[in-house]
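Quick one, what's the 3D model for this:
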Amino acid sequence: MDSKPTHEQAQLQLKLYDLRREERLRKAREWFFKNFFADTLDEAMKIAPMGTDQGGFFMMVVSYWDQACAMLNYGLLNEDLFFETSGEFVGVWERVKAVAPEARQRFQNKEFLAHLQKAAERFEQWSEKRSPGQMAAMRQMMKMMRQQQTAAKA
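From the prediction side, this is the model:
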């Protein structure tokens, strides 16, 4: 994008940041990054069953970021500013991308997390131009987090 953010775009991004600070969403985000490690939809549904607090946390996190990314994808947010200051959405996508295709099929919703996916894919290209290797390093860190969490549960 390489354009300067408008005042309106900056205000909307600050509003999104303010929403991230809401107590229940903070708790959901903390739970998500500590607990959500799934390779299949069945595993995901065991970790975060529908109708449970964990299922609510899962949906709160993924729907927040999918909505924020929708605003980005529709041009309501400045892409460079968003990417420079909001990397968490990429971590969320990395956690759910293995299960998203199966969820789309099972629940007959081909748009499930599509905004999140589209933004994360653009971020990866953007990141590789600006900081080559950043995504590989992030994925390695997430792999170590998963191994630590698995070891702690054993």
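
so where's the protein shaky on pLDDT?
1-2 (pLDDT under 70).

For it, which segments count as strands?
Under the criterion DSSP state E, the chain contains no strands.

Which positions in stretch 20-39 come out as buried?
Residues Ala28, Arg29, Trp31, Phe32, Phe33, Asn35, Phe36, Phe37, Ala38 are the ones in stretch 20-39 that count as buried (16 or more other C-beta atoms under 10 Å). The C-beta positions use only the backbone N, C-alpha and C, and glycine is treated the same way.

cool, and stretch 70-77?
So stretch 70-77, judged by 16+ other C-beta under 10 Å, has buried residues Ala70, Met71, Leu72, Asn73, Leu77.

centre of the chain versus it, how much separation?
Centroid separation between stretch 70-77 and its chain, computed with C-alpha atoms, centre = their mean, to the nearest Å, is 15 Å.

Can you give me the first-to-last residue distance of it?
Distance between the boundary residues of stretch 70-77 (C-alpha to C-alpha, to the nearest Å) amounts to 9 Å.

now swap in stretch 63-82 and tell me
With C-alpha to C-alpha, one end of stretch 63-82 sits 17 Å from the other.

Kindly report the same for stretch 82-102.
First-to-last residue span, stretch 82-102, C-alpha to C-alpha: 28 Å.

before we move on, what about stretch 93-110?
Distance across stretch 93-110, first residue to last, is 16 Å (C-alpha to C-alpha).

what does it rub up against?
For stretch 93-110, contacts defined as C-beta atoms under 8 Å, 6 or more residues apart in numbering pick out 32-33, 36-41, 43-44, 62, 65, 111-113, 116-117, 119-120, 138-139, 142.

and with 10 Å instead?
Residues outside stretch 93-110 that contact it (C-beta atoms under 10 Å, 6 or more residues apart in numbering): 32-33, 35-45, 58, 61-62, 65-66, 69, 111-114, 116-121, 123-124, 135, 138-139, 142-143, 145-146.

With that, I have no additional questions.
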